[in-house]
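Engineer: my questions are about this predicted structure, shown below with the sequence.
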Amino acid sequence: MTAHALNENGNTSEDAAIILRDAAVQRGDRVIWQNGSFSIPYGSVTAIVGTNGAGKTTMMQAELGLIPLSHGTMSILGKPAGADNLHIGYVPQSYTSDIDSNLTAEQSVLLGLTGTKFGIHLITRQQRNKVREAMAFVGIEDKARYRLSELSGGLRQRVAIAQALVSDPKLLMLDEPLANLDLASQRATIQVLTKLNRELGMTIQVVAHDLNMLLPILTGAVYLLDGHPHYAAMDDVLDAKLLTHLYGTTVQVVTTPQGDMFVTPGLDERDKANLDTHKPSELAKMHHHCSSEMQDARNSQLSHPSGAAETSDFAADHESDSKDSTDNSIEQETDTHNSHSTQFNR
Amino acid sequence: MSSVSFSFDPQWLHVLSASFMTNAFVAGLCIAVAAGVMGYFTIARQSTFAAHALAHIGLPGATGAVLLGLPVSLGLGTFALGGALIIGALGKRASQREIATGTVLAFATGLGLFFARLSSSASQQMQSILFGSILTITTDQLIGFAIFDVVLLLLLSMIYRPLLFSSLDEQVAQAKGVPIGWMNIAFMAMMSGVITIAVPAVGTLLIFALVITPAATANIVTTTPFKAMLTASCSVWWPFGAAWCSQPCFPPLQALSS
């Protein structure tokens, strides 16, 4: 596992960053999720999506080997889960509330490099440079002398990312990195992730609720649906029907001049929205998420345009007028979400 | 209180050079080093309540030892270590642990009083167990304190970084392979040692003033762990030093330290 060329396509599953084979996780008698079989290629940016309590954080903890699988196998970076954690950078969700430390940002990042070492060690110049490099990468080199308790949530999160980066991980895992951040901080975080992926080829996995901010860099998503984890490339995930089922509320994919985004209808419409708008036969299709079947589902949907749940054709829609494909209510939603909208460049 | 009168004692140098004063001074130094260093981690790990409870858990050990005719420090150390291992094994999450800690604390304090009432000698010792008496520290105890300090500092320097890492963010430390369960148990065990050496001098009720308050102050005025520990140790020690130098009012030592 020395020289992994960036494998954007992920054709060979043996060479994938994350491989699950019929994996399941239990807590007590309760099955969190099961039948997880997929492989995520190196160099990808993957979102883990699902409703609250679907087991997104559990998925990350299982990948880190912190929770044992009750069934199946899981291979991370070519080794069993938990065996190669020094090459995984992990940024948990707790950075904003839990950390009330008087450590400075620099000391905190340094712990990412030296925190696992027992015994007496002097900090070398090389280590200091490494820390400075990581902090510069996430844009907080001027905050080195500040204490963590003096920094805002967004800056603390970047400290946490720098701490994860400083040991040169091959895989970076972030749990809800955008939660509780304002728009500017969200954007800054996305920029850091984009740089990591594009410049260093780092494989990134993100637990997220709001995919819109992440859409420009996502290559795929693990979605936890009805107790099963699935992996699909981004084209297949950006499907109104799937998203509606996934989030348990009506979700529409709209194409705006800024790119694709998905929205939920206004509050007055939500009353009409069925929590699960699918027939059992349609659900069966979603669980078989092979791209061909997904393609079929999308084609059939395109041939019967409903207007309420519009699926866009990604290949040729950049010139299309958004007014044609969306009704007025969506248009309003689009306006209010304009500040959120992000480009989905292909 | 009306009978208390502060006046200059022309024999002050003579009193300071008395062996019990020197012992108190050195004991204060040993305790200051241990309490200052552990105080930093107590605050970093948000374990102040557990640390406070440990001293009270030691109380029935101390009074029980008097009842059985054993050394106070032995009973105290045994109970404090046992309590430390149990609290440590329960995990770091303070929110899950506080109810159990509080329950055990109340039970231990009651048990301690019960043991004290069972014999007149334990009842007499109660005052010194609760509030300590630094002026009665013996040279043998001092040697024990010094050995403990050396062991504590050695152990701490070996596990310093993983302990700090797990104090900062337990989840990340765990993901990176730090044995957080063992770190927690090691921390609590060291804490019980600090309590065992500090109780003869300041007692179970006032130990909080030595472990927590100086470290919390040091956290405000310094930014690196090392400086914080040093500052905390110095500020733990100054009441002892002050008491030593201002001997006419040495009985209100506890008032100074708290």
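Structural biologist: Now that the structure is in, tell me what you want to look at.
Engineer: check which helix or strand covers A:Phe72.
Structural biologist: Let me fix one detail, which is that residue A:72 is Gly and not Phe. According to DSSP states H and E, A:Gly72 maps onto strand A:71-76.
Engineer: what's the answer for B:Val151, then?
Structural biologist: helix B:139-168.
Engineer: for A:Thr244, see how far away the residue lying closest to A:Tyr247 once chain neighbours are set aside is.
Structural biologist: Spatial nearest neighbour of A:Tyr247, excluding adjacent residues (CB to CB, 6 or more residues apart in numbering or on different chains): A:Thr51 at 6.4 Å. C-betas here are computed from N, CA, C, even on glycine. Using CB to CB, to the nearest Å, A:Thr51 is found at 12 Å from A:Thr244.
Engineer: between the two, which one's more packed in?
Structural biologist: Comparing A:Thr51 with A:Thr244 by other CB atoms under 10 Å in any protein chain shown, the one with more neighbours is A:Thr244, at 24 against 14.
Engineer: give me the element that one is part of.
Structural biologist: Using DSSP H and E, the element containing A:Thr244 is helix A:240-247.
Engineer: so for the helix holding B:Val151, mean pLDDT?
Structural biologist: Averaging pLDDT along helix B:139-168 gives 92.
Engineer: near A:His245, how many other residues are there?
Structural biologist: Neighbour tally, A:His245, other CB under 10 Å: 21.
Engineer: let me fix that, I meant to ask about A:Arg30.
Structural biologist: A:Arg30 has 7 nearby residues by other CB under 10 Å.
Engineer: show the pLDDT at it.
Structural biologist: 87.
Engineer: closest approach to chain A from the stretch 51-200 of chain B, which residue is it?
Structural biologist: Nearest to chain A, among the residues of the stretch 51-200 of chain B, is B:Phe165, at 3.1 Å (CB to the nearest CB).
Engineer: wait, that residue touches A:Thr116, no?
Structural biologist: Yes: using CB atoms under 8 Å, B:Phe165 is in contact with A:Thr116, at 6.9 Å.
Engineer: overlap of the contact sets of these two?
Structural biologist: Common contacts of B:Phe165 and A:Thr116 (CB atoms under 8 Å, 6 or more residues apart in numbering or on different chains): B:173, B:176, B:178.
Engineer: residues from the stretch 51-200 of chain B in reach of chain A?
Structural biologist: Residues of the stretch 51-200 of chain B lying close to chain A (CB under 8 Å from any CB of the partner chain) are B:157-162, B:164-165, B:167-169, B:171-178.
Engineer: list buried residues within these.
Structural biologist: B:159-162, B:164-165, B:167-169, B:171-176, B:178 (16 or more other CB atoms under 10 Å in any protein chain shown).
Engineer: how about stretch B:127-143: buried residues?
Structural biologist: Those would be B:128-130, B:132-135, B:137, B:141-142, for stretch B:127-143 by 16+ other CB under 10 Å.
Engineer: between the two ends of that stretch, how far is it?
Structural biologist: For stretch B:127-143, the first and last residues are 24 Å from each other (CA to CA, to the nearest Å).
Engineer: run through who's touching it.
Structural biologist: B:19-21, B:23-24, B:26-28, B:30, B:59, B:62-63, B:72-73, B:76, B:112, B:198-206, B:240, B:243, B:250, B:253-254.
Engineer: for A:Val91, what are phi and psi?
Structural biologist: Backbone torsions of A:Val91, given as degrees, to the nearest 10, read phi -120, psi 100.
Engineer: low-confidence stretches in the stretch 1-150 of chain A?
Structural biologist: In the predicted model, the stretch 1-150 of chain A carries pLDDT under 70 at residues A:1-14, A:94-100.
Engineer: would you map the helices across it?
Structural biologist: A:56-63, A:105-114, A:125-137 (DSSP state H, counting those that start in this stretch).
Engineer: got the ones you listed as a markdown table, with distance to chain B and mean neighbour count columns?
Structural biologist: Shown next, in a markdown table, are these (distance: least, CB to the nearest CB, whole Å; neighbours: other CB atoms under 10 Å in any protein chain shown):
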| stretch | distance to chain B | mean neighbour count |
| --- | --- | --- |
| helix A:56-63 | 8 | 24 |
| helix A:105-114 | 5 | 24 |
| helix A:125-137 | 12 | 16 |
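Engineer: restrict the contacts of stretch B:127-143 to the buried ones and give me that as a PyMOL selection.
Structural biologist: For the buried members of the contacts of stretch B:127-143, the matching PyMOL selection, counting by 16+ other CB under 10 Å, is:
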select buried, chain B and resi 21+23+24+26+27+28+30+59+62+63+72+73+76+112+198+199+200+201+202+203+204+205+206+240+243+250+253+254
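Engineer: in helices, which of the contacts of stretch B:127-143 appear?
Structural biologist: Among the contacts of stretch B:127-143, the residues falling in helices (DSSP state H) are B:19-21, B:23-24, B:26-28, B:30, B:59, B:62-63, B:72-73, B:76, B:112, B:198-206, B:240, B:243, B:253-254.
Engineer: so, low pLDDT: which residues of the stretch 51-200 of chain B?
Structural biologist: B:91-96.
Engineer: redo that, cut-off 90
Structural biologist: B:51-56, B:59, B:62-73, B:83-109, B:112-113, B:115-141, B:166-177, B:180-182, B:184-185, B:197-200 (pLDDT under 90).
Engineer: pLDDT score for A:Asn345?
Structural biologist: 40.
Engineer: quick check: closest non-adjacent residue to the residue of chain A found nearest chain B.
Structural biologist: Shortest chain A-to-chain B distance, computed as CB to the nearest CB: residue-wise this is A:Gly115, at 3.1 Å. Take A:Gly115 and drop its neighbours on the chain: the residue closest to it by CB to CB, 6+ apart is B:Phe165, 3.1 Å away.
Engineer: B:Lys176 versus that neighbour, what's the distance?
Structural biologist: Taking CB to CB, one finds B:Phe165 at 7 Å from B:Lys176.
Engineer: cool, A:Asp29 as well?
Structural biologist: Distance from A:Asp29 to B:Lys176, by CB to CB: 31 Å.
Engineer: now do A:Ala136
Structural biologist: On the measure of CB to CB, A:Ala136 and B:Lys176 end up 22 Å apart.
Engineer: packing partners of the strand holding A:Gly72?
Structural biologist: Contact here means 3 or more CB pairs under 8 Å, 6 or more residues apart in numbering or on different chains; DSSP states H and E; on that basis strand A:71-76 packs against strand A:18-27, strand A:30-40, helix A:56-63.
Engineer: run the angle between the first one and strand A:71-76 for me.
Structural biologist: Direction vectors for strand A:18-27 and strand A:71-76, defined by axes from the mean of the first three to the mean of the last three CA atoms, to 10 degrees, enclose an angle of 130 degrees.
Engineer: likewise for the longest one?
Structural biologist: For strand A:30-40 and strand A:71-76, the angle between their directions (the same axes, to 10 degrees) works out to 40 degrees.
Engineer: what sits up against strand A:30-40?
Structural biologist: A:10, A:13, A:16-26, A:46, A:54-55, A:58-59, A:70-72, A:203, A:205, A:220, A:222, A:224, A:227-231.
Engineer: now the angle from that strand to helix A:56-63?
Structural biologist: 70 degrees.
Engineer: and strand A:30-40, what's buried?
Structural biologist: For strand A:30-40, by 16+ other CB under 10 Å, it's A:32-40.
Engineer: paired strands for that strand, with orientation please.
Structural biologist: Here strand A:30-40 is paired, per DSSP bridges, with strand A:18-27 (antiparallel).
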